[in-house]
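Enquirer: One predicted model, sequence on top.
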Amino acid sequence: MRQSKLFTKTRKDAPKDEVSKNAELLIRAGYIHKEMAGVYSYLPLGLNVMKKIEDVIRKEMNDVGGIEMKTSVLQSREVWEKTNRWSDDVVDNWFKTKLKNGGEIGLSFTNEEAYSNILKQYVNSYKDLPIFPYDFKEIFRNETRSKSGIMRGREFYWKALYSFSKDEEEHNVFYEKMKVAYRNIFEKVGIGDLTYLTFASGGTFSKFSHEFQAITTAGEDIIYVDEERRVAINKEVYSDEVVRSLGLDKEKLVEKKAVEVGNIFTLGTRFSEPFDLTYKNEKGEGRPVFMGSYGIGLGRLMGTVVELFADDNGIVWPESIAPFKVHLIELVSKDGAEAVKNKSLDLYEKLLGAGVSVLYDDRDLRAGEKFGDADLIGLPWRVTVSDRTLASGLYELKNRKGGEVKMVNETDLFKI
RNA sequence: CGGAGUGUGGUGUAACGGCUAACAUGCCUGCUUUGGGAGCAGGUGACUUCGGGUUCGAAUCCCGACACUCCGACCA
């Protein structure tokens, strides 16, 4: 896209009401707009990143058999009363509102009820299972204190998948697949090395749930990491007994701050029972469906990536989720303006033709400003066209992450 | 929800209880300049979050509300 058409602008000053690095940079670079504490609008660049993250997750979910759908944001009181989670005494962070006729409804704050209620209508036989529906959706939580920029909001976008299996055994097979799928996701968005499968409290149906914790001081959780085995224990369940039961060596565990970028959880029959979500087995006997839940907060993931890779000059996106792959900078001088513009436009169109996403800085600004913006916005590759490059017949290519600059011809540019 | 702090042009800041609320940046005009946020000139833009109070006089002091940030509790 032409940057002259991008209505957002960068700013030099950090917003005074943000301390967290992710929000500060994302606002300065024009990715997001703060509406209120814990609530952000996603501007064109920000939405672009969210979509990229969404695509990465969607692919992995589909690969393990996930089927995408979308549950409603407005939630019925009746449905939630079945699991005893409507009352504010039980769930204290509901956003609730009223219908004109006086009926009370809630804004979705998680999806177990919605899925169980829907699936009850379609699951009758063992032949219908297992199934793995999921959605991407806005979730609302009336947090008493939101913080850390987009990493903990009152409104956030997540992916939630629910598994519906015949029994625990079948569930476990899928659960293990999801561990792999999640690992792939975090690998692809560039935080694989820093993300640890973490044992956390499991609730009623399993000893542990599993969190994916990315190491960052911006995180809110404390975990104990075993570097060799690539696993960790959340402080909330940490004890000598747990360490022993997992076969870990207490001496090797290192305490780290981390952020939970995903979690997978065995629900068992906790939701299927109240909804009477059962199926008939081969013998015609009714059996409760065995469930699991698998969530990833996309905004939090985006914020985590910013926190982990940003440098003093701005954001540094991994290629997989950068809003554009290339930042094409044209630097026009008085004499060669037309030649540079023609060459830039030509390259812009060739790149687009080759399927490369490009942010083309066609604005009439000075070099320093354009470079500063490019660093702040953080696209992986910066290509500069100017009198100089024209004279050499080469392009200047700079890698945002490593910072190395080289002059390349068009063929090599396209190779890279 | 407990504790602490803050609220001033679009943005970031300044202003002892006392002149027409200042500076920077942004934005607009013109000139000049063109490889790391240049320069000059002119211009635009704030009833100082809201509501009360004290005072001859309030951005400034007091009370209340709201908002935002941080620490804690809680949570993906």
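Expert: Great, that's in hand.
Enquirer: From here on, just use CA atoms for contacts and neighbour counts.
Expert: Fine.
Enquirer: What is the neighbour count of the residue in the stretch 301-416 of chain A that RNA strand B sits nearest to?
Expert: Residue nearest to RNA strand B within the stretch 301-416 of chain A (C-alpha to the nearest atom of the strand): A:Gly368, separated by 2.7 Å. When neighbours are counted by other C-alpha atoms under 10 Å, A:Gly368 registers 10.
Enquirer: contact partners of the host helix or strand of it?
Expert: Here A:Gly368 is covered by helix A:367-377, with elements defined by DSSP states H and E. Applying C-alpha atoms under 8 Å, 6 or more residues apart in numbering, the contact partners of helix A:367-377 are A:10, A:25, A:28-29, A:313-316, A:327, A:329, A:331, A:361, A:382, A:400.
Enquirer: which residues sit in contact with the residue nearest the centre of chain A?
Expert: Central residue of chain A (C-alpha atoms, centre = their mean): A:Leu298, 2.5 Å from the mean position. When contacts are counted by C-alpha under 8 Å, 6+ apart, A:Leu298 touches A:Met50, A:Ile53, A:Glu54, A:Phe156, A:Tyr157, A:Trp158, A:Lys159.
Enquirer: ok, now with 7 Å
Expert: Taking C-alpha atoms under 7 Å, 6 or more residues apart in numbering, we find A:Leu298 in contact with A:Met50, A:Ile53, A:Tyr157, A:Trp158.
Enquirer: In CSV, list those along with neighbour count.
Expert: Shown next, in CSV, are the contacts of A:Leu298 (neighbours: other C-alpha atoms under 10 Å):
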residue, neighbour count
A:Met50, 21
A:Ile53, 22
A:Tyr157, 18
A:Trp158, 21
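Enquirer: overlap between the residues you listed and the residues near RNA strand B?
Expert: A:Trp158 (C-alpha under 7 Å from any atom of the strand).
Enquirer: What distance do you get for A:Ile150 to A:Glu18?
Expert: A:Ile150 is 11 Å from A:Glu18, where distance means C-alpha to C-alpha, to the nearest Å.
Enquirer: what about these two, which has more around it?
Expert: A:Ile150 (27 against 17).
Enquirer: my guess is that one meets A:Gly299, correct?
Expert: Yes - counting by C-alpha atoms under 7 Å, A:Ile150 touches A:Gly299, with 5.9 Å between them.
Enquirer: Start and end of stretch A:31-48, how far apart?
Expert: Start-to-end, stretch A:31-48 (C-alpha to C-alpha) is 9 Å.
Enquirer: Also stretch A:143-158?
Expert: Termini of stretch A:143-158 sit 16 Å apart (C-alpha to C-alpha).
Enquirer: Return the per-residue confidence for the residue nearest to the centre of chain A.
Expert: Looking at A:Leu298, its pLDDT is 96.
Enquirer: How about A:Thr144?
Expert: Confidence at A:Thr144, expressed as pLDDT, is 86.
Enquirer: pLDDT on stretch A:147-160, on average?
Expert: On average, stretch A:147-160 scores 92.
Enquirer: Need the contact partners of it.
Expert: Residues contacting stretch A:147-160 (C-alpha under 7 Å, 6+ apart): A:20, A:22-23, A:38-39, A:134-143, A:146, A:294-300, A:303.
Enquirer: Can you flag which of those belong to helices?
Expert: Those of these mapping onto helices are A:Asn22, A:Ala23, A:Leu298, A:Gly299, A:Arg300, A:Gly303, per DSSP state H.
Enquirer: Can I get those residues in TSV including distance to RNA strand B?
Expert: Formatted as TSV, the ones in helices among the contacts of stretch A:147-160 follow (distance: C-alpha to the nearest atom of the strand, whole Å):
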residue	distance to RNA strand B
A:Asn22	10
A:Ala23	9
A:Leu298	7
A:Gly299	6
A:Arg300	5
A:Gly303	10
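Enquirer: Run through the residues that contact A:Glu236.
Expert: A:Ala200.
Enquirer: That one and RNA strand B: what is the separation?
Expert: Relative to RNA strand B, A:Glu236 is positioned 9 Å away (C-alpha to the nearest atom of the strand, to the nearest Å).
Enquirer: Repeat that for A:Phe205.
Expert: With C-alpha to the nearest atom of the strand as the criterion, A:Phe205 and RNA strand B are 15 Å apart.
Enquirer: related to what we said a few turns ago, tabulate the contacts of A:Leu298 in CSV, adding columns for secondary structure.
Expert: Output for these, formatted as CSV (DSSP: H, G, I helix; E, B strand; the rest coil):
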residue, secondary structure
A:Met50, helix
A:Ile53, helix
A:Tyr157, strand
A:Trp158, strand
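Enquirer: What residues does the stretch 301-416 of chain A have near RNA strand B?
Expert: Counting by C-alpha under 7 Å from any atom of the strand, the stretch 301-416 of chain A comes close to RNA strand B at A:313, A:331-334, A:365-373, A:375-376, A:384-389, A:396.
Enquirer: Mind checking what secondary structure A:Leu197 has?
Expert: Assigned with three-state DSSP, A:Leu197 falls in the strand class.
Enquirer: count of residues packed around it?
Expert: 23.
Enquirer: and the gap between A:Ile215 and A:Asp193?
Expert: 9 Å.
Enquirer: okay, these two: which has more neighbours?
Expert: Using other C-alpha under 10 Å as the criterion, A:Ile215 and A:Asp193 rank with A:Ile215 on top: 23 against 12.
Enquirer: Quickly list what the more buried one is bridged to.
Expert: A:Ala258 (DSSP bridges).
Enquirer: Could you pull up the residues touching it?
Expert: Counting by C-alpha under 7 Å, 6+ apart, A:Ile215 has contacts A:Leu194, A:Thr195, A:Lys256, A:Lys257, A:Ala258, A:Val259.
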